[in-house]
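Enquirer: predicted coordinates and the sequence they were generated for:
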Amino acid sequence: MINVVDATRCLCITGLAICLSGAALRAQDKSTSAAAETLQNVSMPTLHVYVDLLQVPVLVLRSNGDRITKPISETRFSVSLDSGPWFRATHVRPEGDDPITLSILLDMSADRGLPMSKMAEAIAGLAPKSLGLQDHVSVYALDCSLISGASDFPADSAALKQAVDRVWTERNSKKHLHGEVESDCKQKEHLWDALTKLTESLHKLPGRRVILVLSDGKDTDSAHTWNQVVEEAQGASVTIFGLKYSRDRVGTDATYSENPLQSRGEFTLSTEPAAPVELDKESPFRNLCELTGGTAKLATPRTLEAKLKGFTAMVRERYIVEFPRPLNGKPGWHGIRVRIDQGNYFVRSAGITFPLINPAVLADPTTVPSNPSLTPSLGSLSPLRTPQ
């Protein structure tokens, strides 16, 4: 989903001074000094360069949800805006080591059975190989309230473990202080409301914004609906990945029950132009993750460490798809669809927000216009603001 904001927001502008070259000058040369004085009184021409390419992170997995091991050529990526004509992406590259701004939410409400000592070690183990110092992390816990362990710190192994330990200690101290049990929580924070707050915090930060939530995915009492969480995340360019946590099941292997979290349809984008939009009414948690450009997986104590590393690998392996800014865009919400030729893939894109070009900028004679033949056109089918 693309959110186009009003043209009153400014674009990044880089001023490039045009340098004039000539023969060496002598300080004593009066004619040369006079010419130099004349140049000082003339405004130096400036070339204004405007950012004209949009970037959207796109998650690409196998149709069964497994990671792809062989890179996909950028020539196979096409984009459609508001169901308009398909056009080739200008450039596609793996996300790689782009800085990630990550918020981790540990849902402890209703005693989800999260083994916190194992959780702290597994999250700390993401650094330095899966997460580096260029990445910034915030850690939260959800119980009777939303608890912050640490905010926006560089991804260091010791700091990650300390942040997880801190939310667990604070959670237990609050329980002890107030003598609270599950049924006694008052003004209890709920999952959708917590995700909305995390999205609002991430929106102010740079980097590729991602939320990882470990939860059973259940919420019945939030002030926000899961649809509203999707809308907020799309507008803030935040991708949500979920690990639906449950206790180990006896007699099963690590791939137990993955199918219920696989896609049954396409949402804001599609690998096929005419694929129907189909939401799973029984799994709003999965819907929420996929509509923001992420996905949901199952995790148990035995698979926790592997699933955490798999999550960071999926983020690193996303494709950054670039395409020109559409000239006929209007403020509001617009749909992105991405497809990959010659293959059947699970494809999800993150939402992006960008400003329209100011008409005065286009009329400025110093503006270098875009090539109309390379500029995509929006279709006539704009999505509903809130997914239904």
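Expert: In hand now; what should we look at?

Enquirer: ok, and the closest non-adjacent residue to residue 79?
Expert: What sits nearest to residue 79 in space, not counting adjacent residues and going by Cβ to Cβ, 6 or more residues apart in numbering, is residue 323, at 5.1 Å. Any C-beta I mention is one placed from the backbone N, CA and C, and that applies to glycine too.

Enquirer: where's the one you found relative to residue 56, distance?
Expert: 8 Å (Cβ to Cβ, to the nearest Å).

Enquirer: where does the stretch 251-388 of the chain have low pLDDT?
Expert: For the stretch 251-388 of the chain, the stretches with pLDDT under 70 are 251-282, 328, 356-357, 369-373, 382-388.

Enquirer: ranges for the strands of it?
Expert: 296-299, 319-324, 332-334, 336-340, 345-349, 352-355 (DSSP state E, counting those that start in this stretch).

Enquirer: repeat that for the stretch 51-200 of the chain.
Expert: 53-62, 77-81, 87-88, 91-94, 100-107, 136-142, 146-154.

Enquirer: between these, which one is closest to residue 314.
Expert: strand 53-62 (6.5 Å; Cβ to Cβ).

Enquirer: I'd say residue 95 and residue 207 touch.
Expert: No: with contacts counted by Cβ atoms under 8 Å, residue 95 stays clear of residue 207, the gap being 11.1 Å.

Enquirer: so where's the longest helix in this structure?
Expert: Determined from DSSP state H, the single longest helix within the chain is helix 157-178.

Enquirer: who has more neighbours, residue 95 and residue 207?
Expert: residue 95 (18 against 15; other Cβ atoms under 10 Å).

Enquirer: and the closest residue to that one other than its chain neighbours, what is it in contact with?
Expert: Leaving out its chain neighbours, the residue that sits closest to residue 95 by Cβ to Cβ, 6+ apart is residue 318, at 4.4 Å. Neighbour list for residue 318: 57, 58, 59, 60, 94, 95 [criterion: Cβ atoms under 8 Å, 6 or more residues apart in numbering].

Enquirer: widest-spaced pair of these?
Expert: 59 and 94 (11.8 Å).

Enquirer: so which of the two has more stuff around it?
Expert: Neighbour totals were compared for residue 59 and residue 94, and residue 59 leads with 23 against 13 (other Cβ under 10 Å).

Enquirer: how much space separates that one from residue 325?
Expert: Counting by Cβ to Cβ, the separation of residue 59 from residue 325 is 23 Å.

Enquirer: got any ranges where the stretch 101-250 of the chain has weak pLDDT?
Expert: Applying pLDDT under 70 to the stretch 101-250 of the chain picks out residues 110-114, 174-187, 248-250.

Enquirer: switch the cut-off to 80
Expert: 109-117, 172-189, 220, 246-250 (pLDDT under 80).

Enquirer: nearest spatial neighbour of residue 327, chain-adjacent residues omitted?
Expert: Nearest one to residue 327, counting by Cβ to Cβ, 6+ apart, is residue 375 at 5.2 Å.

Enquirer: looking at this, residue 213 is in a strand?
Expert: Yes: the assignment for residue 213 (DSSP: H, G, I helix; E, B strand; the rest coil) places it in a strand.
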